[in-house]
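Next come a sequence and a model predicted from it.
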Amino acid sequence: MRPESRHPPRGGTDGGGTGRGVAVGDRDGLVAGRGGPAGSVTGYVVRADDAPGPTLVLPLDHLPAGALALTGELAGLRRALARTPYRDLNKIAVYGSSAHPGADLDYRFVQALPDGSFDFRTGCGHSLLACVVADQEVRQVRQVRRYGPAAPGSRPGPVTVRALTTGDTIRVLPQGATGAPLDVLPQGGAAGAPSDGAYTLDFLRPPTAPGTLPTGRPVDVIDGVPVSIVRYGNPYVFVDARHLPPADPPRRAHMLQLRAQAARLLGYAPWSPLAPLPKIAAFSRTPDGTGLAVRALTVGGWHPRLALTGAAALAAAGALAGTVVPGPVGAVTTPGGPVRVSAAPDRVRVHDKRARPIARLDLPWRIRATA
């Protein structure tokens, strides 16, 4: 009998808890475990420059046959990680080749929570980029083994990824030396040659598409504060910092209170401060009036910069009439440095993203099949 597949809802619209598993063997495209020795898995630790921590990337064909990546299996994986330098790693991504027309990879994300549980509804743009970078690493190793080294300086072309958790389709494009995305990589050392590992991520959904405003309104008033709730990559609550206390800890406490009320409005119940959804970010005009300064919360505290999905959601909010976010959004200032976004009628782009593999781990994996 084939192990049962469990399908966490896309986009976090269920209002339920953390779910049971990644469902890597489900009908959405990921087919579990075609390789890897029984009882072990090879994973790649990849660090995106702007992320609060690294991601453990698990190529699907590295998983043992029969793996479902359910809660029990992932809990065992975290216990194994505790014996490595990455004991505090809390992002796990599973990816494999896509059978869907127009897509190269299918990907699922799991957020490990501080209480030892897992959330299977959240998206993570930095972890999606980590999958693309890890896949390039795997392919390069295979290339060297079979055919010898690739040409110096060569980089793969665009990769289209289906984020099965959120239902988004994201195209990852290497950037040229000028910072522009390269839809087709040039040959040799042309002026538009790839830059130093930077990527642009295209979220291939119009900002005006149904569902971007999950309440159907550009502005909701929560506890007397106007906010815009936008679902683009992840559900985000955006609030003008003028409506918040000027400093911590009262500012953070007020944002958590707004987030809790928005969660109830969206149907996320029961809800706790450990729940990763919805996300929340406060913004203000930069002193010169040309951009936005943003500070966002993540699981466990302040985000060092801005989540990739947060940048996409901010740009989408700025492209919609009537939201609290003044648009169009381009240059964004964060505590960790600048973020660059752009919006078009058919997509949102997040620019200048980088990630690199930092470790390869062989970890034990215990199959927990259900009948």
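Everything's here; your move. Numbering: from 1, shown residues only.

remind me, longest helix of this protein?
helix 125-147 (DSSP state H).

can you give me the offset of that one from its chain's centre?
Relative to its chain's centre, helix 125-147 lies at 18 Å (CA atoms, centre = their mean, to the nearest Å).

What strands flank the very next helix or strand once past that helix, and is each parallel or antiparallel?
The C-terminal neighbour of helix 125-147 among helices and strands, as given by DSSP states H and E, is strand 159-163. Partners of strand 159-163 in the sheet, by DSSP bridges, are strand 105-112 (parallel), strand 168-176 (antiparallel).

Among those strands, which comes closest to Trp271?
strand 105-112 (14.9 Å; CB to CB). Every C-beta, even on glycine, is put in place using the N, C-alpha and C of the backbone.

returning to what we had before: so which of the strands paired with strand 159-163 is nearest Leu361?
strand 105-112 (15.3 Å).

Tell me which helix or strand comes right after the closest one.
strand 118-119.

show me where the protein has helices.
71-81, 125-147, 250-266, 308-318.

Tell me which residues are up against the second one.
Read it as helix 125-147. 44, 46-48, 50-51, 54-55, 57, 59, 91, 93, 95, 105, 107, 109, 149-150, 155-156, 159, 161, 163, 170, 172, 199, 201, 233, 307-309, 311-312, 350, 353, 355-357 (CB atoms under 8 Å, 6 or more residues apart in numbering).

Just the buried residues out of these, in ChimeraX syntax.
In ChimeraX, this line selects whichever of these come out buried by 16 or more other CB atoms under 10 Å:
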select :44,46,47,48,50,51,54,55,57,59,91,93,95,105,107,109,156,159,161,163,170,172,199,201,233,307,308,309,311,312,350,353,355,357
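
Report the central residue of the protein.
Cys124 (1.3 Å; CA atoms, centre = their mean).

surely it meets Asn90?
No - counting by CB atoms under 8 Å, Cys124 does not reach Asn90; the two are 10.4 Å apart.

Would you mind listing where the protein has pLDDT under the threshold?
1-38, 148-156, 177-180, 182-196, 269-270, 368-371 (pLDDT under 70).

if you set the cut-off to 50 instead, what comes out?
Within the chain, the stretches with pLDDT under 50 are 1-17, 19-37, 184-195, 371.

ok, back up a step: do you know which of the strands paired with strand 159-163 lies nearest Leu277?
Ranking the strands paired with strand 159-163 by proximity to Leu277 (CB to CB) places strand 105-112 first, at 9.2 Å.

tell me, what's touching Cys124 and Asn90 both at once?
Gln111.

what number of residues lie near the nearest residue to Trp271 once chain neighbours are set aside?
Distance criterion CB to CB, 6 or more residues apart in numbering; nearest residue to Trp271, sequence neighbours excluded, is Ala263 at 4.4 Å. Using other CB atoms under 10 Å, Ala263 is surrounded by 21 other residues.

list the contacts for Ala263?
269, 271, 275, 277-278.

Select from those residues the one having the most neighbours.
With neighbours taken as other CB under 10 Å, the top of the contacts of Ala263 is Pro278, carrying 25 neighbours.

can you give me the end-to-end distance of stretch 157-169?
Start and end residues of stretch 157-169 are separated by 17 Å (CA to CA, to the nearest Å).

can you count the residues close to the closest residue to His254 other than its chain neighbours?
For His254, ignoring the flanking residues on the chain, the nearest one in space by CB to CB, 6+ apart is Leu244 at 5.3 Å. As a burial measure, Leu244 scores 19 neighbours (other CB under 10 Å).

Check Leu77 too.
Leu77 has 24 nearby residues by other CB under 10 Å.

Surely it touches Leu361?
No - in this structure, Leu77 is not within contact of Leu361 by CB under 8 Å, at 9.9 Å.

who touches both of the two?
Residues touching both Leu77 and Leu361 (CB under 8 Å, 6+ apart): Leu56.

if we can go back for a sec, nearest to Trp302, of the helices of the chain?
helix 250-266 (7.4 Å).

buried set for that closest one?
Result for helix 250-266 [16+ other CB under 10 Å]: buried residues 252, 254-255, 258-263, 265-266.

from these, which is closest to Val332?
Among the buried residues of helix 250-266, Met255 lies closest to Val332 (CB to CB), at 17.7 Å.

Tell me which residues touch the closest one, please.
Met255 neighbours (CB under 8 Å, 6+ apart): 239, 244, 280, 282, 297.

what sits against the closest residue to Asp115 other than its chain neighbours?
Nearest non-adjacent residue to Asp115, counting by CB to CB, 6+ apart: Leu274, 5.9 Å away. Leu274 makes contact with 113-115, 117, 299, according to CB under 8 Å, 6+ apart.

Out of these, which is nearest to Ser40?
Ser117 (24.4 Å).

Please determine how far that closest one is located from Arg83.
For Ser117, the distance to Arg83 (CB to CB, to the nearest Å) stands at 21 Å.

ditto for Leu173
Distance of Leu173 to Arg83, computed by CB to CB: 38 Å.

Who has more neighbours out of the two?
Taking neighbours as other CB under 10 Å, Leu173 and Arg83 compare with Leu173 leading, 22 against 10.

Beta-bridge partners for the more buried one, please?
In beta-bridge terms (that is, DSSP bridges), Leu173 pairs with Thr200.

give me the beta-bridge partners of Leu361?
Gly43.

was I right about it contacting Pro85?
No - taking contacts as CB under 8 Å, Leu361 lies outside contact range of Pro85: 9.6 Å.

Compare neighbour counts for those two and give me the winner.
Leu361 (17 against 11).

residues contacting the more buried one?
Residues in contact with Leu361 (CB under 8 Å, 6+ apart) are 42-45, 56, 81, 84, 86.

give me that answer again for 7 Å
Counting by CB atoms under 7 Å, 6 or more residues apart in numbering, Leu361 touches 43, 45, 84.
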